[in-house]
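> Next come a sequence and a model predicted from it.
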Amino acid sequence: DFSHYLFTPRDMTRWVLGLLRYMLPEGDSSLLPLLQVWLYEACRLFRDKLADDEDLVKFDGIVLTCLQSDWNTDLSEMLHSNTFFVTAGVAVPTAGAPLPPNGRLLGPM
């Protein structure tokens with residue numbers, strides 16, 4: 001039994017609030033950077049908890065189908081790439097400046 005597969009509204013809230021931590025390229029009006037961090041957060045919050053290959057394949061199919069049907073975007077390469085978003089991927093804020101309300105910003109590495 002996989003009791004850790006129980007997902008709650010709290011997980012959905014973490015997913016949405018997590019999106020506020022990403023440094024998106026300024027002046028880029030395309031949806032691709034936002035969809036990339038949407039997928040990355042979903043994988044870290046939900047996919048990383050999955051225990052067997054069958055569940056991983058099912059999760060991958062669900063998110064990739066959603067991205068393809070709703071956004072006409074194929075991010076299947078990113079799903080299995082070594083792309084990570086880390087605090088080191090963002091410019092350092094001014095020394096002594098307060099941190100953003102949702103924590104340090106994240107950028108791609």
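Sure thing, it's come through.
> Would you mind giving both backbone torsions of Leu45?
The phi/psi pair for Leu45 (degrees, to the nearest 10) reads phi -80, psi -40.
> what's it in contact with, if anything?
Residues near Leu45 by CB atoms under 8 Å, 6 or more residues apart in numbering: 11, 14-15, 18. Quick note: C-beta positions are derived from backbone N, CA and C, even for glycine.
> And it, how far from Gly96?
Note on Leu45: its distance to Gly96, by CB to CB, to the nearest Å, is 32 Å.
> Same check on Leu75?
Counting by CB to CB, the gap from Leu75 to Gly96 is 38 Å.
> Between those two, which has more neighbouring residues?
Neighbours per residue (other CB atoms under 10 Å) separate Leu75 from Gly96, with Leu75 holding more: 18 against 5.
> ok, Arg104 - contacts?
Contact partners of Arg104, counting by CB under 8 Å, 6+ apart, are 21, 87, 90.
> Might you report the residue contacts of the closest residue in space to Ala88 that isn't next to it in sequence?
Distance criterion CB to CB, 6 or more residues apart in numbering; nearest residue to Ala88, sequence neighbours excluded, is Met109 at 6.5 Å. Applying CB under 8 Å, 6+ apart, one finds that Met109 lies in contact with 83-86, 88-89.
> hmm, back to that, out of the contacts of Arg104, which is most surrounded?
Most surrounded of the contacts of Arg104: other CB under 10 Å gives Arg21, at 19 neighbours.
> Does that residue touch Gly107 like I think?
No - contact criterion CB atoms under 8 Å: Arg21 and Gly107 do not qualify, at 9.9 Å.
> Just give me the neighbour total for the closest residue to His4 other than its chain neighbours.
Take His4 and drop its neighbours on the chain: the residue closest to it by CB to CB, 6+ apart is Lys49, 5.6 Å away. Other residues within reach of Lys49, judged by other CB under 10 Å, total 15.
> ok, Lys49 touching Asp11?
No - using CB under 8 Å, Lys49 is not in contact with Asp11, being 9.4 Å away.
> low pLDDT regions in the chain?
Applying pLDDT under 70 to the chain flags residues 1, 89, 91-93.
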